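J.: Need coordinates for the following:
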Amino acid sequence: MEEDLTHNTFSVAPPPPEHNPVKQAIARAEELGEKQIATTLGYFATMPASTGIIANPVLHHTPVDCNGAEITLDIRSFAIRGTVQESDIVRGKVGPMDVIFTGLFGAPGNSTELARFIDQKFFEKANSRQLIDEVAAFVKKFPGLGPEVAMHHFLILRKAKRGRPETQDRGVHDERDPESLLVEMISVHMENVAVGAVSAFMNCTLLNNPRITENDLVTSTRRFIEDEIEQKRNAFQVCYSLILGHHANEHEREILERMGTIQIHHGSAGSSMVARYMATLHTFSAEDFFIASHMALDGARHFGAIHDMSDFVQELEPLSPDQRAERIREKMLGGGLPTFGHPEIAAAGRGNQVQQDPRPAIYIDPVFKAIDAGQLSINQRQHERLSIARLIYLTAFVKGVLKPGKEDSPPLRLTANTDFGAWCVQEALGIEEADRTLLTYIFRGFGWMMDAREQLQQKMIRPVIAPDPKIVPKSSEDPTIPDLVSRVHGRLIREDPFRPQN
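T.: You can find the predicted model right below:
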């Protein structure tokens, strides 16, 4: 099957976009005799056309009530290849494999064989006695560490065992044919996913039973995965259960699958930049490519902000409500409020318009539906921590903060970013704090593959100009996303939003 896939599917490398505004601007400046402008633009001549993978313009506008003031949210929209939009994911029209296929190969298509290949590579490792034995030994020796530590440890061991490979046949570089490179990247990534998910499950088991022996840890993990396989779960579904520490029900799978699909779909600028840079540098092994990208993903100013949110909530827990609100305001005025604001979009403002990342609402909406359906129970500790997250939302966005000396001006408001939604979802599901960037890694790894394949064709490092106009969505009358964002906002400003609202 692997050979079949290689010849029929993996050989497809989407062409780089033709859009090249820098080159066009230089030509126009020379035509006008503007030598100084042409010379200055020449310093940017190596800037490529731009990315043909993802576009994220403001596409929707919706008014919401913020403490009596009407604030218009300018909602950013995301699209893969100009064909798959987030509303398709929310409606259940497309799933993770459709997004992966479109991103890797340039257009929608039949993703069945690709899905089988990904499953095959995952189960080769996740159902391997040797890997489970080795991960159990590691977890027993170093308990409580995040899955990224286990993944990096076993990646380095694999690299060491193989030695320095021949660059023609291994690693990430221009001379590799796209089929063999993609096969290797998927194989390496799915082994990493298996290690990370198995280590997360083992750490959860160990937390609940610190005296469990290494042999019993191996036995319980193997039995758990075998039960999942008997239920015909695919690789991603098995990972949901391993991360949760129990067999995921239908609602839990739906919540995590939507979040994971959006993680592929929306990109991830910092780790994508590193993925592109590693592809440009050329790595002697695919392991290096994934380690470097993953390190960026876990950075404090990236998805590591999810861990920062956990730390901040823990800091607020012993405080009174008034003290909590004051500390949130201090954090906001200091520019360090985790999971709010965004370095690349206008997610802060004092007027009646501010940009909004739709991802927090997209993630949280199915959690509210599961709670109301009686399919997701929130315990008291989780409810208290989610109430603190809600207080941060109310303080930072709904009420806003007045800066000293600007009391007569409208309050400064910050909108929540993707990490706020991810943190709330995983808190509601009871996922261990150390494991809260694993789901992002599982799915974002496919985005890095998309980035590497494009980067090897055109050296852009990171797109810093507008994407190819062909993939930019036009204005939309589709109410799916603005209605969802408004609905989640309305729920969060009510009392006890994480309790059933029937």
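
J.: Pro410: neighbour count?
T.: Pro410 has 14 neighbours, counted by other C-beta atoms under 10 Å. The C-beta positions use only the backbone N, C-alpha and C, and glycine is treated the same way.

J.: Per-residue confidence, it, what does it come out as?
T.: pLDDT, Pro410: 87.

J.: The most centrally placed residue in the chain and His247, how far apart?
T.: For the chain, Gln263 is the residue whose C-alpha lies nearest the centre (C-alpha atoms, centre = their mean; 3.4 Å). Plainly put, Gln263 is 23 Å away from His247 if you go by C-beta to C-beta, to the nearest Å.

J.: Do you know the pLDDT at Ser268?
T.: pLDDT recorded at Ser268 is 65.

J.: Equivalent analysis for the one 10 residues further on, please.
T.: As predicted, Met278 sits at a pLDDT of 91.

J.: Let me see the ranges of the strands in the chain.
T.: Counting by DSSP state E, one finds strands in the chain at the ranges 54-55, 58-66, 69-76, 79-80, 84-85, 348-349, 353-356, 413-414.

J.: Pick out the shakiest of those, pLDDT-wise.
T.: The weakest mean pLDDT among these belongs to strand 54-55, with a mean of 72.

J.: Provide the contact partners of that strand at residue level.
T.: By C-beta atoms under 8 Å, 6 or more residues apart in numbering, the surrounding residues in contact with strand 54-55 are 78-80, 82, 266-267, 467-468, 471-473.

J.: What is the most widely separated pair among those residues?
T.: Pairwise distances among the contacts of strand 54-55 were taken by C-beta to C-beta; the largest, 17.6 Å, belongs to His266 and Asp468.

J.: Can you dump the C-alpha atoms of stretch 71-81 in PDB for me?
T.: The C-alpha trace of stretch 71-81 is given here as PDB (Å, rounded to 0.1, in the frame of the first residue of the first chain):
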ATOM      1  CA  ILE A  71     -18.600  46.300  20.300                       C
ATOM      2  CA  THR A  72     -18.300  45.100  16.800                       C
ATOM      3  CA  LEU A  73     -16.100  42.000  16.400                       C
ATOM      4  CA  ASP A  74     -14.100  41.900  13.100                       C
ATOM      5  CA  ILE A  75     -13.700  38.200  12.900                       C
ATOM      6  CA  ARG A  76     -10.600  36.800  11.100                       C
ATOM      7  CA  SER A  77     -11.300  34.000   8.700                       C
ATOM      8  CA  PHE A  78      -9.000  31.200   7.800                       C
ATOM      9  CA  ALA A  79      -8.900  29.100   4.600                       C
ATOM     10  CA  ILE A  80      -6.700  26.300   3.400                       C
ATOM     11  CA  ARG A  81      -5.800  26.700  -0.300                       C
END
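
J.: in that stretch, what's buried?
T.: Using 16 or more other C-beta atoms under 10 Å as the test for burial, stretch 71-81 gives 71, 73-81.

J.: Kindly indicate which of those lies nearest Ala286.
T.: The closest of the buried residues of stretch 71-81 to Ala286 turns out to be Ile80 (C-beta to C-beta; 22.8 Å).

J.: In contact with the closest residue to Ile75 other than its chain neighbours, which residues?
T.: Sequence neighbours aside, His60 is the residue nearest to Ile75 in space, at 4.0 Å (criterion: C-beta to C-beta, 6 or more residues apart in numbering). By C-beta under 8 Å, 6+ apart, the contact list for His60 reads 74-75, 77, 358, 476, 481-482, 485.

J.: hmm, 6 Å instead?
T.: By C-beta atoms under 6 Å, 6 or more residues apart in numbering, the contact list for His60 reads 75, 481-482.

J.: quick one: Gly95 from Met295, how far?
T.: Using C-beta to C-beta, Gly95 is found at 29 Å from Met295.

J.: let me redo that: Leu484
T.: Per C-beta to C-beta, Leu484 is found 33 Å from Met295.

J.: and Lys93, how many neighbours does it have?
T.: Neighbours of Lys93 under the rule other C-beta under 10 Å: 11.

J.: Also Val472?
T.: Neighbour tally, Val472, other C-beta under 10 Å: 15.

J.: Next up, the contacts around it.
T.: 55, 57.

J.: Kindly report the same for Pro360.
T.: Per C-beta under 6 Å, 6+ apart, neighbours of Pro360: 416, 420-421.

J.: Please tabulate these in TSV, including the columns neighbour count.
T.: Formatted as TSV, the contacts of Pro360 follow (neighbours: other C-beta atoms under 10 Å):
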residue	neighbour count
Ala416	29
Phe420	28
Gly421	24
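
J.: Which ones among these map onto helices?
T.: Residues of those located in helices (DSSP state H): 420-421.

J.: and of the contacts of Pro360, the nearest to Glu113?
T.: For these, the nearest to Glu113 is Gly421 (32.4 Å; C-beta to C-beta).

J.: where does that closest one land on pLDDT?
T.: The per-residue pLDDT of Gly421 was computed as 95.

J.: From Tyr393, how far off is it?
T.: In this structure, Gly421 and Tyr393 are 11 Å apart, going by C-beta to C-beta.

J.: where's Ile132 relative to Pro321, distance?
T.: 46 Å.

J.: Neighbour count: the two, which is higher?
T.: The neighbour count for Ile132 versus Pro321, taken as other C-beta under 10 Å, is higher for Ile132 (22 against 11).

J.: wait, that one sits on Val218?
T.: Yes: the criterion here is C-beta atoms under 6 Å, and Ile132 meets it with Val218 at 5.5 Å.

J.: Could I get the contacting residues of Glu432?
T.: So Glu432 contacts Cys204 (C-beta under 6 Å, 6+ apart).

J.: So for it, what's the pLDDT?
T.: As predicted, Glu432 sits at a pLDDT of 92.

J.: again with Pro318
T.: For Pro318, the predicted pLDDT is 96.

J.: Near it, how many residues? Count them for me, please.
T.: Based on other C-beta under 10 Å, the number of other residues close to Pro318 is 8.

J.: And Val485, by the same measure?
T.: With other C-beta under 10 Å as criterion, Val485 counts 23.

J.: Tell me where the stretch 1-150 of the chain has helices.
T.: Ranges of helices within the stretch 1-150 of the chain are 2-5, 21-31, 35-42, 86-90, 96-105, 112-126, 129-141, 147-162, based on DSSP state H, counting those that start in this stretch.

J.: Can you tell me how far Lys125 is from Gly349?
T.: Distance of Lys125 to Gly349, given as C-beta to C-beta: 47 Å.

J.: Also Ser476?
T.: According to C-beta to C-beta, Ser476 and Gly349 sit 23 Å apart.

J.: Of those two, which one has the most company?
T.: Set Ser476 next to Gly349 and count neighbours by other C-beta under 10 Å: Gly349 wins out with 18 against 14.

J.: who's the more buried one bridged to?
T.: Counting by DSSP bridges, Gly349 forms beta bridges with Arg413.

J.: Now tabulate the strands of the chain in JSON lines and tack on distance to Arg491.
T.: Formatted as JSON lines, these follow (distance: least, C-beta to C-beta, whole Å):
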{"stretch": "strand 54-55", "distance to Arg491": "29"}
{"stretch": "strand 58-66", "distance to Arg491": "12"}
{"stretch": "strand 69-76", "distance to Arg491": "15"}
{"stretch": "strand 79-80", "distance to Arg491": "27"}
{"stretch": "strand 84-85", "distance to Arg491": "23"}
{"stretch": "strand 348-349", "distance to Arg491": "23"}
{"stretch": "strand 353-356", "distance to Arg491": "15"}
{"stretch": "strand 413-414", "distance to Arg491": "19"}
